[in-house]
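>>> sequence isn't available, so here's the structure alone:
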């Protein structure tokens, strides 16, 4: 199973099933698009989300969710696989503005990237959510937050963790 790294505050929300989309400046890799839905691990990076990001998060939550968010021990989750989610589809920003540069793995020329973008605009639906503000997004569901985060060094983009067995409660 692949993993994706990101700020623990955002990934915790997805594992709790409170956030329905993961924002990215790049689309889902081509080899994963044909495999949807796909289950992935959530890896919490060692860096914390910024104050502005946390303020935005708090504004989106109910009072009960805010209390739980403030009580979460994010520090103990940093640098760990904290749970898993299912990515169900790729979505795009609801505007006519073209996305900025992104890495698509395996596409090398500008012409290839432009052709891929044209195809994505035609095939990838627009999506509206209070959580969606990226150029691309991955709609997620079925989050599971592990009781015991698993220490693991993350990587950029999607990666295959070398974990023999992951168990969670």
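It's in. Small disclaimer: the values here were computed from a predicted structure and weren't measured.

>>> please name the nearest non-neighbouring residue to the spatially most central residue of the chain.
Closest residue to the average C-alpha location of the chain: residue 22 at 3.6 Å, with Cα atoms, centre = their mean. Take residue 22 and drop its neighbours on the chain: the residue closest to it by Cβ to Cβ, 6 or more residues apart in numbering is residue 138, 4.5 Å away. (Glycine included, C-beta is placed from N, CA and C.)

>>> so which helix or strand takes in that neighbour?
Per DSSP states H and E: residue 138 is located in strand 136-151.

>>> show me what whichever helix or strand comes after that strand is packed against.
Scanning forward in sequence from strand 136-151 by DSSP H and E, the next helix or strand is strand 158-159. If you count contacts as 3 or more Cβ pairs under 8 Å, 6 or more residues apart in numbering; DSSP states H and E, strand 158-159 packs onto strand 2-6.

>>> which strands and helices lie in contact with the strand it packs on?
strand 38-44, strand 158-159.

>>> ok, now with 10 Å
Under the contact criterion of 3 or more Cβ pairs under 10 Å, 6 or more residues apart in numbering; DSSP states H and E, strand 2-6 touches helix 8-15, strand 21-24, strand 38-44, strand 80-92, strand 158-159.

>>> looking at these, which is closest to residue 65?
The minimum distance between residue 65 and the helices and strands packed on strand 2-6 falls on helix 8-15, with 8.8 Å, by Cβ to Cβ.

>>> how many neighbours does residue 84 have?
21 (other Cβ atoms under 10 Å).

>>> which residues touch it?
1, 3, 14-15, 39-42, 140, 142-146, 166, 168 (Cβ atoms under 10 Å, 6 or more residues apart in numbering).

>>> let's see 6 Å
Residues counted as contacts of residue 84 (Cβ atoms under 6 Å, 6 or more residues apart in numbering) are 39, 41, 144.

>>> need those residues in TSV with neighbour count, can you?
Formatted as TSV, these follow (neighbours: other Cβ atoms under 10 Å):
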residue	neighbour count
39	13
41	26
144	18
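
>>> closest to residue 89 out of the residues you listed?
For the contacts of residue 84, the nearest to residue 89 is residue 39 (14.0 Å; Cβ to Cβ).
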